[in-house]
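Undergrad: Build the 3D model from these lines:
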Amino acid sequence: MLKIRVKTLCFFCVVGVFLSNCVSDVDFTQAEDFAISPTLDTSIIYFEEPASSFIDENGVEQTIVRDSVTIEVFNDPFTVDNLIKATFLFEVTNSINRAYQAQIAFLDDVDVVQHSFTISVDTSPTNQEILVEHLEVFENESLQALKQTTKLLITLTLLPSADGSVLDENTLGMLKFKSKATFYLLIDPST
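TA: Residues are numbered from 1 along each chain as shown. The predicted model follows:
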């Protein structure tokens, strides 16, 4: 009987020492310093248009084509409060024998331009794909402008050809446009 009590007493002493050592070194205030930095990648725009898409219903070449896309990510206060940086990667692939300029405008909810830039896209005389990439980084003041954005407006301007030719229904080639955004967040409950 004494052996059982000694073994039981030893067991509880070992467990007590083990538990006190595990708990005594834990600093629970470290939870106050907890922060995470997730990133979120998302596709924004994607389209493929043959050269004939730049011809109107009367067969006349259109030199300016516009389209817009709504961006709802900044309607969420969580995103606005925790976004510390954003990058937008735009890729334009041209196999049309004409040069383009793509203007990207970031508009607020009353269509006021908050930020804009232009991408120049070279001509493809042999209808081989020519890829142009543009990386736009948003930090500091430009990040504040981005947080006001609710819409992207894309304006494609077809530049004049070197030989004076115009696009028609039989013109070869394609214009591909795609973009990806990466949002960098800092979630810090202590702030």
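Undergrad: and residue 190, how many neighbours?
TA: Using other Cβ atoms under 10 Å, residue 190 has 8 other residues around it. For glycine as for every other residue, the C-beta is placed from the backbone atoms N, C-alpha and C.
Undergrad: Could I get the buried residue list for whichever strand or helix holds residue 115?
TA: Under the criterion of DSSP states H and E, residue 115 resides in strand 113-121. Of all the residues in strand 113-121, those buried under the rule 16 or more other Cβ atoms under 10 Å are 114-115, 119, 121.
Undergrad: Could I get the CA-only coordinates of the next helix or strand after it as PDB?
TA: The helix or strand immediately downstream of strand 113-121 is strand 130-138, counting by DSSP H and E. Extracted C-alpha coordinates of strand 130-138, given in PDB (Å, rounded to 0.1, in the frame of the first residue of the first chain):
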ATOM      1  CA  ILE A 130       4.000  40.700 -79.300                       C
ATOM      2  CA  LEU A 131       3.700  40.800 -75.500                       C
ATOM      3  CA  VAL A 132       3.800  44.000 -73.500                       C
ATOM      4  CA  GLU A 133       3.700  43.900 -69.700                       C
ATOM      5  CA  HIS A 134       3.200  46.800 -67.400                       C
ATOM      6  CA  LEU A 135       3.400  46.600 -63.600                       C
ATOM      7  CA  GLU A 136       1.700  49.400 -61.600                       C
ATOM      8  CA  VAL A 137       2.600  49.600 -57.900                       C
ATOM      9  CA  PHE A 138       0.300  51.400 -55.400                       C
END
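Undergrad: Kindly calculate the angle that strand 130-138 makes with strand 113-121.
TA: 160 degrees (axes from the mean of the first three to the mean of the last three Cα atoms, to 10 degrees).
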